[in-house]
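S.K.: Fold the following for me, if possible:
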Amino acid sequence: MTLPERQLANAIRALAMDAVQAANSGHPGMPMGMADVATVLYSDYLKFDPTDPKWADRDRFVLSAGHGSMLAYATLNLAGYARPTIDDIRNFRQINSPCAGHPENFELEGVETTTGPLGQGLATAVGMAIAERHLNALYGDALVDHRTWVIAGDGCLMEGINHEAIGLAGHLGLGRLIVLWDDNKITIDGSTDLSTSEDVKARYAATGWHVDGCDGHDPADIRRAIDAALADNRPSLIACRTLIGFGSPNKQGTSATHGSPLGADEVAATREALGWTAEPFVIPADFAAAWAAFGEKGKKLHAEWNDRLATSDKKSDFQDRLGGKVTPGDAFKAYLDGLVAEPPKVATRKASENTLSALTADIDALLGGSADLTGSNNTKTSSTKPLTKGDYSGRYIYYGIREFGMAAAMNGMALHGGVIPYGGTFLVFADYCRAAIRLSALQRQRVVYVMTHDSIGLGEDGPTHQPIEHLQSLRAMPNLLVMRPADAVETAECWAIALAQSDRPSLLALTRQNLPPQRHDVTENLCLKGGYRLRDASASRKVVLVATGSEVSLAIDVANALEAAGHGADVVSMVSTELFDEQDAAYQADILPADALIVSIEAGTTFGWERYTGRHGLRFGIDSFGASAPIDDLYKHFGLTVDAITPKILAKLGN
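M.R.: All right, here's what the predicted structure looks like:
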């Protein structure tokens with residue numbers, strides 16, 4: 001007997017309301033409302049193989065409305081994935097359960113991206129769709145031919161990042177991207193009429209999307225709308241008109257089902273209304289068999305794809321790309337040798353461009369871009385032609401003034417695989433990107449943020465553009481590798497380190513102003529230590545000067561003045577506090593000895609540097625906003641000069 005689709009969808013509803021009720025926490029309404037849409041998607045359209053969740057040519061499914069996580073957990077379980085098990089679902093939102101309150105890609109295979117911060121899932125999906133088209137242009141339909149599906153809610157479409165993401169997707173013509181909008185007209189506060197009156201469909205149409213609508217509880221109408229989307233070469237938005245909490249006799253269609261359990265009585269009433277007689281967390285055998293059958297088509301398609309891969313002359317290269325293999329080659333080695341032969345005095349943003357010129361020649365997987373600051377961030381090279389609607393083989397994206405959208409799209413590319421994304425903006429605008437940077441770190445993705453104009457050294461643009469608190473606030477973020485190099489050699493080393501990270505993003509803080517060369521050897525990547533002794537004291541060591549980036553040259557000059565006064569001073573280049581903290585205690589004690597005065601110098605907030613200087617050390621920096629003036633005047637004004645720093649150190653030493 002063939003089970004009606006409504007009954008198959010009720011399996012999702014039952015698991016969702018039971019898990020939320022057991023946890024006494026969660027969001028049952030969205031999974032219950034979108035169950036019919038999800039059932040149609042899995043049964044007829046989604047290309048997946050539950051026995052191999054990492055199949056390279058699978059469709060990507062993103063639950064952007066991550067609060068409705070039980071929709072993801074229920075469908076993965078029903079479709080035959082190894083996890084989550086029923087026991088995992090029974091322990092929804094409990095410690096050590098992979099069924100977290102919001103879906104996490106590192107907890108469950110089949111969860112393509114961590115969602116929950118509304119809007120970012122859809123924006124991340126844009127990056128996945130970019131990666132699919134880019135790799136398709138390189139490897140053809142035989143190896144890369146899949147779609148990206150998104151279920152998004154009203155909140156996802158209200159968030160500001162939605163404007164950035166859909167504008168980029170429309171501009172690039174990402175026709176393999178289909179968004180199923182849970183148009184239930186409810187948010188936590190109540191009806192969407194309380195907060196919005198915009199014409200969402202018109203907004204999407206204006207950005208170049210195909211737009212349609214359907215009854216989200218009518219499988220035939222859902223199929224009609226999806227088929228129309230598949231036939232269109234534009235990205236598609238399908239407004240699925242649904243009832244939140246569908247099936248709940250007393251709460252459906254209201255905000256009461258959004259973020260709270262239904263309650264025991266209402267769960268019982270809903271079971272009766274749906275005709276669901278199974279016990280909690282029990283899926284009847286005929287339901288399980290029907291859902292398991294949905295994956296059989298995908299298994300067949302996967303087998304056919306494996307045959308094509310086995311006979312493809314691109315097999316080895318494709319597998320290396322999807323495996324994330326990175327090997328800087330001859331161009332990078334030649335560049336490093338050139339730095340030793342002719343050490344340049346350049347801004348580290350320019351040093352980054354020079355490094356990238358070599359790396360992008362060596363590594364085809366590098367795909368760059370900038371949020372409308374290409375000439376300032378120095379992120380484009382001769383190897384990276386533009387990626388456009390007419391040519392997806394390009395390796396450079398002009399993101400426009402969309403910092404947040406850029407960062408989220410880079411997450412999507414990294415999660416998709418086959419692409420190592422990097423993108424640039426000013427360091428002060430890390431604030432615009434911050435929520436996506438945080439998801440880069442949480443999801444353990446290799447994304448490289450190229451953040452230039454990293455201090456008051458940018459000069460006349462003034463305090464709106466001069467980072468002060470940014471470096472330390474970014475260093476406080478778990479699993480983000482922040483690096484601030486002092487010259488061209490350190491910049492090259494930082495890029496090598498960033499590309500070697502397989503489980504965390506990196507952020508390079510780079511100068512606008514030229515910096516003198518400090519390092520004259522490349523036999524060892526000293527930046528791997530995070531902080532290292534750049535110069536030993538000549539006289540008996542009394543002071544250790546710890547500096548980063550542009551202030552390393554200042555520290556050298558201060559050390560010279562201290563040595564002239566008879567006080568030995570080491571200079572430590574603290575490229576990355578994260579990497580330094582990962583060194584063993586003996587190394588740290590050698591670099592920052594207890595018997596020396598530790599002094600930090602950085603053109604940013606002094607907050608946090610006491611971790612290294614101790615309570616009795618000295619910290620030179622800027623604990624106010626900046627100012628608009630030429631660079632030399634600014635450094636003098638904020639006391640970041642040899643003449644301002646040296647007397648204070650001598651006074652501390654008792655001279």
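S.K.: For the stretch 1-150 of the chain, just list every one of the helices.
M.R.: For the stretch 1-150 of the chain, the helices defined by DSSP state H, counting those that start in this stretch occupy 5-23, 29-33, 35-40, 69-78, 86-90, 120-139.
S.K.: repeat for the stretch 501-650 of the chain
M.R.: 551-564, 577-581, 585-591, 610-613, 631-637, 642-653.
S.K.: Taking the centroid of the chain, which residue is nearest it?
M.R.: residue 440 (2.9 Å; CA atoms, centre = their mean).
S.K.: returning to that earlier point: burial-wise, tell me which of the helices of the stretch 501-650 of the chain comes out on top.
M.R.: Burial of the helices of the stretch 501-650 of the chain is given as mean neighbour count (mean count of other CB atoms under 10 Å); helix 551-564 ranks first at a mean of 22. (Glycine included, C-beta is placed from N, CA and C.)
S.K.: quick one: residue 482 is in a strand?
M.R.: Yes. Assignment of residue 482 by DSSP: H, G, I helix; E, B strand; the rest coil places it within a strand.
S.K.: Quick check: it touching residue 475?
M.R.: Yes. Residue 482 lies in contact with residue 475 (CB atoms under 8 Å); the separation is 5.1 Å.
S.K.: who has more neighbours, these two?
M.R.: It is residue 482, of residue 482 and residue 475, that has more neighbours when counted by other CB atoms under 10 Å, with 26 against 18.
S.K.: on that earlier part again, can you tell me which of the helices of the stretch 1-150 of the chain is most buried?
M.R.: Stretch with highest mean neighbour count among those: helix 29-33 (a mean of 32; mean count of other CB under 10 Å).
S.K.: Now do that helix: which elements does it pack against?
M.R.: Contact here means 3 or more CB pairs under 8 Å, 6 or more residues apart in numbering; DSSP states H and E; on that basis helix 29-33 packs against helix 5-23, helix 69-78.
S.K.: Could you tell me the angle between the shortest one and helix 5-23?
M.R.: Here the directions of helix 69-78 and helix 5-23 differ by 120 degrees (axes from the mean of the first three to the mean of the last three CA atoms, to 10 degrees).
S.K.: Kindly provide the whole-number mean pLDDT of helix 69-78.
M.R.: For helix 69-78, the mean pLDDT works out to 98.
S.K.: So which elements touch it?
M.R.: helix 5-23, helix 29-33, helix 35-40, strand 60-63, helix 86-90, helix 285-293.
S.K.: CSV for the helices of the stretch 1-150 of the chain, including distance to residue 368?
M.R.: CSV is the format used below for these (distance: least, CB to CB, whole Å):
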stretch, distance to residue 368
helix 5-23, 41
helix 29-33, 36
helix 35-40, 36
helix 69-78, 32
helix 86-90, 39
helix 120-139, 12
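S.K.: re the thing from before, from residue 415, how far out is the residue nearest to the centre of the chain?
M.R.: Taking CB to CB, to the nearest Å as the measure, residue 440 falls 10 Å from residue 415.
S.K.: Give me the residues contacting stretch 524-531.
M.R.: Applying CB atoms under 8 Å, 6 or more residues apart in numbering, the contact partners of stretch 524-531 are 483, 485, 490, 493-494, 496-497, 519, 532, 546, 572-583, 587, 591-592.
S.K.: Of all the helices and strands packed on helix 69-78, which one is nearest residue 460?
M.R.: strand 60-63 (42.9 Å; CB to CB).
S.K.: other SSEs contacting the closest one?
M.R.: Counting by 3+ CB pairs under 8 Å, 6+ apart, strand 60-63 packs on helix 69-78, helix 120-139, strand 148-153.
S.K.: So for residue 358, which of the ones you listed sits nearest?
M.R.: Nearest of the helices and strands packed on strand 60-63 to residue 358, taken as CB to CB: helix 120-139 at 21.2 Å.
S.K.: angle of that closest one against strand 148-153?
M.R.: Going by the same axes, to 10 degrees, helix 120-139 makes 170 degrees with strand 148-153.
S.K.: now helix 120-139, how far from the chain's geometric center?
M.R.: 14 Å (CA atoms, centre = their mean, to the nearest Å).
S.K.: for it, packing partners?
M.R.: Where contact means 3+ CB pairs under 8 Å, 6+ apart, helix 120-139 is packed against strand 60-63, strand 148-153, helix 154-158, helix 160-172, strand 177-183, helix 403-416, helix 430-442.
S.K.: Any chance of TSV for those, columns distance to residue 565 and mean pLDDT?
M.R.: TSV is the format used below for those (distance: least, CB to CB, whole Å; pLDDT from 0 to 100):
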stretch	distance to residue 565	mean pLDDT
strand 60-63	62	98
strand 148-153	64	98
helix 154-158	62	98
helix 160-172	54	98
strand 177-183	65	99
helix 403-416	46	98
helix 430-442	39	98
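S.K.: Need these in TSV (columns: distance to residue 262).
M.R.: Output for the helices and strands packed on helix 120-139, formatted as TSV (distance: least, CB to CB, whole Å):
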stretch	distance to residue 262
strand 60-63	20
strand 148-153	19
helix 154-158	20
helix 160-172	29
strand 177-183	18
helix 403-416	33
helix 430-442	30
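S.K.: right, and the ones you listed - which one's nearest residue 272?
M.R.: Of those, nearest to residue 272 by CB to CB is strand 177-183, at 25.0 Å.
S.K.: what packs against the closest one?
M.R.: Using 3+ CB pairs under 8 Å, 6+ apart: strand 177-183 touches helix 120-139, strand 148-153, helix 154-158, helix 219-230, strand 236-241.
S.K.: Would you list the strands that the second one pairs with, along with their directions?
M.R.: Which is strand 148-153. Strand 148-153 has its sheet partners listed here by DSSP bridges as strand 60-63 (parallel), strand 177-183 (parallel).
S.K.: who's in contact with the longest one?
M.R.: Surrounding strand 177-183, the residues in contact under the criterion CB under 8 Å, 6+ apart are 30, 33-34, 37, 41, 64-65, 68, 122, 125-126, 129, 147-154, 157, 169, 200, 213, 216, 226, 229-230, 235-242, 244.
S.K.: Please save the CA atoms from it in PDB.
M.R.: Extracted in PDB, the C-alpha atoms of strand 177-183 (Å, rounded to 0.1, in the frame of the first residue of the first chain):
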ATOM      1  CA  LEU A 177      19.700  28.000  -6.300                       C
ATOM      2  CA  ILE A 178      16.100  27.500  -5.200                       C
ATOM      3  CA  VAL A 179      14.700  29.000  -2.000                       C
ATOM      4  CA  LEU A 180      11.600  27.600  -0.400                       C
ATOM      5  CA  TRP A 181      10.200  30.400   1.700                       C
ATOM      6  CA  ASP A 182       8.000  29.300   4.700                       C
ATOM      7  CA  ASP A 183       5.500  32.000   4.100                       C
END
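S.K.: Could you please name the strands the helix or strand just after it pairs with and the direction of each pair?
M.R.: Proceeding N to C from strand 177-183, the next assigned helix or strand is strand 186-187, under DSSP states H and E. The pairing partners recorded for strand 186-187 under DSSP bridges are strand 190-191 (antiparallel).
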